[in-house]
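Asker: this one's structure only:
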Ligand SMILES: Cc1ncc(COP(=O)(O)O)c(C=O)c1O
């Protein structure tokens with residue numbers, strides 16, 4: 001998709017990128033809530049199915065509202081980037097019913113029995129379970145390493161002939177650790193190994209992984225891209241258009257995790273304020289992290305925007321700003337964590353991230369409560385760990401609420 005050169009900033013593109021190209025001149029994207037599409041004749045049906053005539057057939061295959069949202073998201077990830085030919089980078093997106101289904105399409109389109117996928121420990125739980133719990137049942141093996149040491153990565157690639165894909169989540173929970181995309185792509189690209197990035201926490205506004213040569217990006221659009229928590233969704237975006245239109249598209253269509261047109265519409269509405277929201281999310285998060293750092297009830301703050309975070313320099317190089325997700329550890333362990341959650345008055349008690357309100361959860365008593373304590377702590381989820389997605393409320397209201405909830 002050619003991006004209109006009029007758009008000097010991604011924020012303007014996010015607002016105007018959809019255009020108004022519809023027969024009725026509707027200002028907003030029309031919702032084509034139709035499972036199927038009609039043919040004027042048998043010949044036309046035949047021509048559409050053979051690809052001779054472009055056009056819609058069935059909404060699991062493609063839908064005009066979903067297509068428009070896909071183009072918008074592809075344009076965001078490609079914004080301002082150039083391909084190897086020096087022309088504006090072209091990307092192809094496939095909009096899914098969840099981030100999890102976008103990730104599954106990507107994995108299953110790329111991997112076959114005997115292949116190996118390499119990733120790192122601090123993954124989103126669903127991705128971890130899929131790669132390490134489910135793929136091995138289909139003969140696809142999984143390796144886990146920290147992906148920080150490029151000599152070690154070169155050695156792993158050399159020693160593992162079936163290694164086809166490196167999956168990265170950056171930044172990632174709970175420590176907000178980051179991985180150097182340029183360095184990984186340099187090592188992987190020279191050996192023909194594909195690199196894929198979960199860009200959910202950053203969004204293309206803060207980080208554009210295709211700049212560094214990655215092959216695929218996916219998002220849980222449920223989070224910052226939608227921004228308002230109105231639906232579950234996901235998107236897979238790829239730079240190899242031929243692959244995306246064949247193996248990628250076929251896998252998407254056959255797994256069937258396609259987006260509903262209404263959710264696609266909600267996504268396009270959310271995206272219009274992406275830049276505005278992300279700037280404010282980051283402004284608030286930076287101040288909240290500073291407040292927590294000096295607080296006597298807090299033993300550690302994990303936020304890659306803090307100067308003393310292990311990946312502060314990488315964050316400054318790779319991201320526009322650090323984002324709005326962070327974690328912090330309360331000194332009093334499980335009891336302090338549960339008491340803090342119960343006392344919140346402004347912030348919302350909920351899992352998930354990326355909505356306009358501040359969301360706070362206590363993983364040890366919520367999302368990770370089913371795990372054996374020893375395993376949970378090994379994964380970095382300590383008893384007093386609080387996960388927070390800083391929202392757009394007035395800063396004083398967020399800080400005031402956190403302060404009163406932590407009071408003795
Ligand atoms: C970083 C990340 N990736 C992927 C997912 C999965 O997305 P979804 O819940 O939309 O399937 C999540 C969900 O929390 C997430 O936080």
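Answerer: Received the coordinates, thanks. Fair warning: this is a prediction, and the values are worked out from it, not measured in the lab. Residues are numbered from 1 along each chain as shown.
Asker: Next, residue 388: phi, psi?
Answerer: phi -140, psi 140 (degrees, to the nearest 10).
Asker: Please identify the helix or strand for the residue nearest to residue 345 when sequence neighbours are not counted.
Answerer: Distance criterion Cβ to Cβ, 6 or more residues apart in numbering; nearest residue to residue 345, sequence neighbours excluded, is residue 401 at 5.6 Å. C-beta here means a position set from N, CA and C on the backbone, and glycine is covered the same way. Assigned by DSSP states H and E, residue 401 belongs to helix 395-406.
Asker: what comes into contact with that helix?
Answerer: Helix 395-406 is touched from outside by 283-284, 287-288, 291-292, 295, 297-298, 330, 340-341, 343-347, 358, 390-391, with contacts defined as Cβ atoms under 8 Å, 6 or more residues apart in numbering.
Asker: Next one: the spatially closest residue to residue 69 that is not a sequence neighbour, what pLDDT does it get?
Answerer: Counting by Cβ to Cβ, 6+ apart, residue 69 lies nearest to residue 264, which is 4.0 Å off, once chain neighbours are set aside. Note on residue 264: pLDDT of 98.
Asker: number of nearby residues for whichever residue of the stretch 101-250 of the chain sits closest to the ligand?
Answerer: Ranking the residues of the stretch 101-250 of the chain by distance to the ligand (Cβ to the nearest ligand atom) places residue 220 first, at 3.0 Å. Neighbour count for residue 220, taken as other Cβ atoms under 10 Å: 28.
Asker: Narrow the contacts of helix 395-406 to those in helices?
Answerer: Among these, DSSP state H puts 283-284, 287-288, 291-292, 340-341, 343 in helices.
Asker: ends of stretch 353-362, how far apart?
Answerer: 13 Å (Cα to Cα, to the nearest Å).
Asker: Now find how far off-centre that stretch is within its chain.
Answerer: In terms of Cα atoms, centre = their mean, to the nearest Å, the centre of stretch 353-362 is found 15 Å from the chain centre.
Asker: residues making contact with it?
Answerer: Contacts of stretch 353-362 (Cβ under 8 Å, 6+ apart): 200-201, 222-229, 277, 324-325, 337-338, 340-341, 344, 346-352, 367, 385-393, 398, 401.
Asker: Narrow these to just the buried residues.
Answerer: 200-201, 222-227, 229, 277, 324-325, 337-338, 340-341, 346-348, 352, 367, 385-393, 398, 401 (16 or more other Cβ atoms under 10 Å).
Asker: Out of the helices and strands in this protein, which is least certain?
Answerer: Sorted by mean pLDDT, DSSP states H and E, the helices and strands of the chain end with helix 373-378, the least confident at a mean of 85.
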